[in-house]
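Asks: Provide a 3D model corresponding to the input given below.
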Amino acid sequence: MYGTLPQVIPPLVSAAHSEEVTVRGGISFTATLVFATTDTHNVSFTIEVIRPVQPWPGPVVGSKRHPVFLTQANHRRWAILGVSRGYVSVVYPGADVDDQTAGFQHAYPSATWGTILRRSWLASRALDHVLSLPYVDPDKVSISGHSRNGKQAMLAAAFDHRITSVVSSSSGSPGMTPYRTTSANTFAEGPGDAPSDWWLPSLSCFKGHEHRLPIDSHGLLGLIAPRPMLASTAWTDGCEPTWAVERAYRAGQEVYTALGVPEHLRILYRPGQHHGFLDVNAYFDFFDAANGRPGFAGDPTLFPERLLHGFDWPTWRASQRAEDLVPPAPTAPRSERVGWGLGTFPGTFLSAGGHYGEQCEEGPTSGGCYIAEMMTHTRFGSTTVTRADVSMGEYISASVYFSANSTEPLPVVIWMHPLSYHSGFNEGYIESTVGVYYAIAASGYAVVAFDAMGFGTRGFEFDGYTGSSRGGLPLFYRRYPRWSVLGKLVHDGLAALDLVTAPATDRKPDAPMGLPKFDANKVYAVGYDVGARAALYMGAVDPTRRLAGIVSINGWTPMRTDTNHSSTGGLRRLWSWHALQPHLGLFDGRESELPYDMDDVLLEASGVSDGTVDNVASSGSTSPIFVYQQEFDRQADVGGVKALVAKAVAGGANVTLATAATVNLLNDAAHAAVIGWLNSL
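Replies: Numbering: from 1, shown residues only. As a prediction, this is how the structure comes out:
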């Protein structure tokens, strides 16, 4: 995945220092380091060393008064901050703005390293000289970097044990987020999304087949352990979903715990997106703690374990009443069996939407829509599509995308997004020409899009702004102990349905501005991955059957055969990993005994009653469903999907199945298939 390093480390033959410059209590010089890569060929690069006049305020040994901080050229201002904290900061040329690794690439043609691994190796070569300086402590060496530099910081620490602590800042994949957790169905960075020179060229062959990788990036944590490692990430970081970060963290914690130092591995969350709200001083707090500085070392309050996805199924089960743990009998009405999978709805009231609470209160073109800008909602847009914002349901911000020239009532699509924890309804990494909601809107539909609870701008709703430690019960399940996350996703989708089907006169007293006219008789739910599952349940549980059609894009796999040995990860994805349907965990290991499967959901969503077709269906008006399934989707047993669709159709469901010979990608072909089916109705 990363490539291979040179088999030998070249000797350092000289280090030429420039004249020292003293400014504001810091002393700086450059050092040109020359390495003998062969008997006849040398390679050189230049680093900058900046040291403080005052000693580091932590424990020192003799003249070795300063710990070392390594970072890349574009993080030089981090280095200056490090000087203020008492560190000897070393700025090495391993960044886009200053990359001096080409000489080593030519000197070692047998090394298969990509750009990122080669830059990390350069950090080690800088250390070859820096650790000989008389005022540095060779037992206190820290490294950090952001984004692609965060990746190389982890690689440097993994392969050079002279580095004693590391902070990886928003490193994405394959850094702190394993590719297995960031497939295309998460709208995150997958194999092949990075520039081709970063990693082995063969890596892109695993796009859509991430489960077949012989190793993934969480293995770096095993190489770094037991040394202190901090992963810094943002709630809405476009490069790494919080859920994926925590999956790597949990895997790494197995190693750190086995080595007796679980506190050496931590996650630091921050608000904002990839480049926002970086508190680099906090990184040095972590380094100071790792290096034994009094007031920092041993203080568990500085970096406690806080997880945004800290769901523990045994704790959930213990919180339930005995009667809540009794599933319906296989002979119970289908609606009861399907509804059981969502938990008990707590009850609410109808809202037709309003203006107050929308994401852009001055209007989408006012220039003050910081949420849309932060979430890059217009990044993959279309010039023919405009947006209006609204607050709907239980104070949920939503956006409506539609053609700017629309005058007549528009058919409506409610867009239900996948497991995109970091980006919500927006595609952080795109596989198509334009974003899906823009593509549908440009085809003549009004598209209602919103972040589901626990995702994007609403990520904190699952377990609060700071999260909890492992073993606890997330806030959502303390607030709604009998319900489920998937039930909430379905409920919020129905709130969008309320928005577009309620008479405009019901929107009071703060009527939303700029909305187009909606055709309440042509409202469709379109979902991808878990969003497709939610869309189907919307149709299944809506008592008034308001949806005119449902689209499921790579949305599900048969549940009764989805065991933990499956390449999908098993049904535990729903009841444990993502905490979507905890009730299903009662059938762990005996999935075949579940009281319902997805054919039952298709039948319910299509409006087919148990055994007989109801009055509407008997006239040939069952709600149509389009199942679009890509053949090489690793998240599904495609043969099982086909079988359950056929079973539902045999039972009277109005389901059309279309397949495509590709891996799971929301690409232009998928857009065309979905829009073509909608247009055919």
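Asks: Could I get the full set of helices for the stretch 351-500 of the chain?
Replies: 370-374, 436-442, 460-463, 475-479, 485-501 (DSSP state H, counting those that start in this stretch).
Asks: so which of those helices comes closest to Arg212?
Replies: Across the helices of the stretch 351-500 of the chain, Arg212 has its closest neighbour in helix 436-442 (26.9 Å, CB to CB). In this view, the C-beta of every residue, glycine as well, is placed from N, C-alpha and C.
Asks: For the closest one, the averaged confidence score.
Replies: Helix 436-442 carries an average pLDDT of 95.
Asks: and what of stretch 226-239?
Replies: According to the model, stretch 226-239 has a mean pLDDT of 94.
Asks: Can I get that stretch in PDB? Just the C-alpha atoms.
Replies: C-alpha atoms of stretch 226-239 as PDB (Å, rounded to 0.1, in the frame of the first residue of the first chain):
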ATOM      1  CA  PRO A 226       3.300   2.000  22.900                       C
ATOM      2  CA  ARG A 227       4.600   5.500  22.100                       C
ATOM      3  CA  PRO A 228       2.000   8.300  22.700                       C
ATOM      4  CA  MET A 229      -0.100   9.000  19.600                       C
ATOM      5  CA  LEU A 230      -2.900  11.700  19.300                       C
ATOM      6  CA  ALA A 231      -5.300  11.800  16.400                       C
ATOM      7  CA  SER A 232      -6.800  15.200  15.900                       C
ATOM      8  CA  THR A 233      -9.900  15.500  13.700                       C
ATOM      9  CA  ALA A 234     -12.900  17.700  13.200                       C
ATOM     10  CA  TRP A 235     -16.500  16.800  13.500                       C
ATOM     11  CA  THR A 236     -17.200  17.600   9.900                       C
ATOM     12  CA  ASP A 237     -13.700  16.900   8.500                       C
ATOM     13  CA  GLY A 238     -14.100  16.400   4.700                       C
ATOM     14  CA  CYS A 239     -11.200  13.900   4.700                       C
END
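Asks: buried residues in it?
Replies: 227-239 (16 or more other CB atoms under 10 Å).
Asks: ok so, going back, deepest of the helices of the stretch 351-500 of the chain, which one?
Replies: Ranked by mean neighbour count, those are led by helix 436-442 with a mean of 26 (mean count of other CB atoms under 10 Å).
Asks: So which elements touch that one?
Replies: strand 385-392, strand 396-403, strand 410-416, strand 446-450, helix 668-680 (3 or more CB pairs under 8 Å, 6 or more residues apart in numbering; DSSP states H and E).
Asks: what's next to that helix, contact-wise?
Replies: Helix 436-442 has contacts (CB atoms under 8 Å, 6 or more residues apart in numbering) with 380-382, 384-385, 401-403, 413, 415, 425, 427, 432-434, 447, 449, 526, 528, 666, 671, 674-675, 678.
Asks: Restrict it to CA atoms and write it as CSV.
Replies: What follows is helix 436-442, C-alpha atoms only, in CSV (Å, rounded to 0.1, in the frame of the first residue of the first chain):
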residue,chain,number,x,y,z
VAL,A,436,-26.4,13.7,-6.9
TYR,A,437,-28.9,16.3,-5.6
TYR,A,438,-27.7,18.8,-8.2
ALA,A,439,-28.1,16.2,-11.0
ILE,A,440,-31.7,15.3,-9.9
ALA,A,441,-32.6,19.0,-9.4
ALA,A,442,-31.2,19.9,-12.9
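Asks: Distance from the chain centre to it, please.
Replies: 22 Å (CA atoms, centre = their mean, to the nearest Å).
Asks: go on, stretch 296-308?
Replies: 23 Å.
Asks: in the sheet, who's paired with Arg270?
Replies: Ala234 (DSSP bridges).
Asks: just checking, it touches Tyr283?
Replies: No. Using CB atoms under 8 Å as the test, Arg270 is too far from Tyr283 to be in contact (11.0 Å).
Asks: Pick out whichever of the two has more residues nearby.
Replies: Tyr283 (27 against 17; other CB atoms under 10 Å).
Asks: Look up how far Pro333 lies from the more buried one.
Replies: 57 Å (CB to CB, to the nearest Å).
Asks: before we move on, the earlier item: can you tell me which of the contacts of helix 436-442 are buried?
Replies: Buried among the contacts of helix 436-442 (16+ other CB under 10 Å): 380-382, 385, 401-403, 413, 415, 425, 427, 432, 434, 447, 449, 526, 528, 666, 671, 674-675, 678.
Asks: which residues of the chain score low on pLDDT?
Replies: Confidence mapping of the chain against pLDDT under 70 gives the ranges 360-368, 370, 504-508, 611-621.
Asks: you'd agree Asp288 is up against Gly58?
Replies: Yes. Assessed by CB under 8 Å, Asp288 is found in contact with Gly58 at 6.4 Å.
Asks: shared neighbours of these two, anything?
Replies: Phe296.
Asks: Name the residue in those two with the higher neighbour count.
Replies: Neighbour totals were compared for Asp288 and Gly58, and Asp288 leads with 25 against 22 (other CB under 10 Å).
Asks: check which helix or strand covers the more buried one.
Replies: helix 280-290 (DSSP states H and E).
Asks: Just the buried positions in that helix, please.
Replies: Quick answer for helix 280-290 (16+ other CB under 10 Å): Val280, Ala282, Tyr283, Phe284, Asp285, Phe286, Phe287, Asp288, Ala289, Ala290.
Asks: Neighbours of the residue lying closest to Val400 once chain neighbours are set aside, how many?
Replies: Of all residues not flanking Val400 in the chain, Ala388 sits nearest, at 4.9 Å (CB to CB, 6 or more residues apart in numbering). Residues lying near Ala388 (other CB under 10 Å) number 19.
Asks: and Ala388, what is it in contact with?
Replies: Residues in contact with Ala388 (CB under 8 Å, 6+ apart) are Pro364, Ser399, Val400, Phe402, Pro512, Met513, Gly514, Leu515, Pro516.
Asks: Ile625 contacts Asn654, correct?
Replies: Yes. Contact criterion CB under 8 Å: Ile625 and Asn654 qualify, at 6.4 Å.
Asks: Need the overlap of contacts for those two.
Replies: By CB under 8 Å, 6+ apart, the residues touching both Ile625 and Asn654 are Ser606.
Asks: Pick out whichever of the two has more residues nearby.
Replies: Neighbours per residue, other CB under 10 Å: of Ile625 and Asn654, the larger number sits with Ile625, 29 against 20.
Asks: Neighbour-wise, which one of the contacts of Ala388 leads?
Replies: Ranked by neighbour count (other CB under 10 Å), the contacts of Ala388 have Val400 at the top, with 29 neighbours.
Asks: Might one say that Ile163 is in contact with Asp139?
Replies: No. Using CB under 8 Å, Ile163 is not in contact with Asp139; the gap is 11.0 Å.
Asks: Compare neighbour counts for the two and give me the winner.
Replies: Ile163 (22 against 14).
Asks: List the residues that contact the more buried one.
Replies: Per CB under 8 Å, 6+ apart, neighbours of Ile163: Leu70, Ala123, Leu127, Val141, Ser142, Ile143, Ala156, Ala157, Arg227.
Asks: Turn those residues into JSON lines, including distance to Val23 and secondary structure.
Replies: Formatted as JSON lines, the contacts of Ile163 follow (distance: CB to CB, whole Å; DSSP: H, G, I helix; E, B strand; the rest coil):
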{"residue": "Leu70", "distance to Val23": "21", "secondary structure": "strand"}
{"residue": "Ala123", "distance to Val23": "25", "secondary structure": "helix"}
{"residue": "Leu127", "distance to Val23": "25", "secondary structure": "helix"}
{"residue": "Val141", "distance to Val23": "25", "secondary structure": "strand"}
{"residue": "Ser142", "distance to Val23": "23", "secondary structure": "strand"}
{"residue": "Ile143", "distance to Val23": "25", "secondary structure": "strand"}
{"residue": "Ala156", "distance to Val23": "28", "secondary structure": "helix"}
{"residue": "Ala157", "distance to Val23": "31", "secondary structure": "helix"}
{"residue": "Arg227", "distance to Val23": "33", "secondary structure": "coil"}
